[in-house]
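Student: Sequence plus predicted model, see below.
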Amino acid sequence: MLTDAQIKEFDEQGYLYLPDLFTEEEVTELFSRATALKESDSPHRVMERDGELVRAVYGVHLLHPVFERLTRDARALEPARELLRSDVYIHQTQLNPKAPFKGDVWEWHQDFLYWHRDDGMPGPQVLSVAVFLDDVTEFNGPIFIIPGSHTDQLHSETSTYAEGWESAAMGFRHRVDNETLTSIMNRNGLVSKHGRKGSVLIFAGQVLHCSPPNLSAGDRTILFIRYNAIDNALEPIENPRPEWVASRDFQVVTASDQPLLSETAG
């Protein structure tokens, strides 16, 4: 259970860092399964611009039971429910590896504007739970956040430049103009969020964030669970994105009564 101070911090800043939530054994297993998914040819994968490295794998909770259990693990689920003040369902899961020296940038954006424009999400009552599967450092592609930017409505300041969910996954489809970014940065400042593997960063669907390239010699792997408030379910749209990118299964997520590694340990 989160403290009142933690809830207040999230409400005011748009993000919350929770160190060392998952054990080394759990992270080792999650990383091993994530590596297998990254190396398996699948339509769930999106490649970097060079066409050789994996940029993202979507819908990982549909691909292996350990990731499905992770979405129902109380350490990930309960903070999401508390911060959204709501029951939740899974809008999306995403594995985001950044290869040494070549893991590319994800530009500044608000997740909600992607999900609103591409998926029919009505409002920003949605958040991301980012589980660090590697040590995330200042050099290997941490998550940059503009604190308090989740209160900014940037519909008119965000333009759409490309078609197709693959381009959206590349991070270049909906771009906030530089004047707006400069103004908000000058007003609110910037933070770089990094930490030990097994830690969790939670951030609001409307907070401005990005991640720089991985300039280090080591991997940087983060697994994202996107929980949406149950009353904020996607509206019907033409040509919806694939189910593994934007789920239309609005079943309430309930906490698992099994250990995370119950079927995979050993």
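Tutor: Received the coordinates, thanks. Numbers count the residues shown, from 1 in each chain.

Student: What pLDDT is listed against residue 81?
Tutor: Per-residue pLDDT puts residue 81 at 98.

Student: Report the secondary structure state of it.
Tutor: helix (DSSP: H, G, I helix; E, B strand; the rest coil).

Student: Apart from its chain neighbours, what residue comes closest to it?
Tutor: In space, and not counting its chain neighbours, residue 81 is closest to residue 88: 5.8 Å by Cβ to Cβ, 6 or more residues apart in numbering. Using the backbone N, CA and C atoms, a C-beta is placed for each residue, glycine as well.

Student: again with residue 12
Tutor: Among residues not flanking residue 12 along the chain, residue 148 sits closest, at 6.8 Å (Cβ to Cβ, 6+ apart).

Student: Can you verify my assumption that the one you found contacts residue 185?
Tutor: No - contact between residue 148 and residue 185 fails when scored by Cβ atoms under 8 Å: they sit 11.2 Å apart.

Student: If you count surrounding residues, which of the two has more?
Tutor: The residue with more neighbours, out of residue 148 and residue 185, is residue 148; 17 against 14, by other Cβ atoms under 10 Å.

Student: On the pLDDT front, check the more buried one for me.
Tutor: Listed pLDDT for residue 148 reads 98.

Student: Quick one: residues contacting it.
Tutor: 12, 13, 14, 188 (Cβ atoms under 8 Å, 6 or more residues apart in numbering).

Student: for the second one, phi and psi?
Tutor: In this entry, residue 13 is assigned phi and psi values of phi -100, psi -20 (degrees, to the nearest 10).
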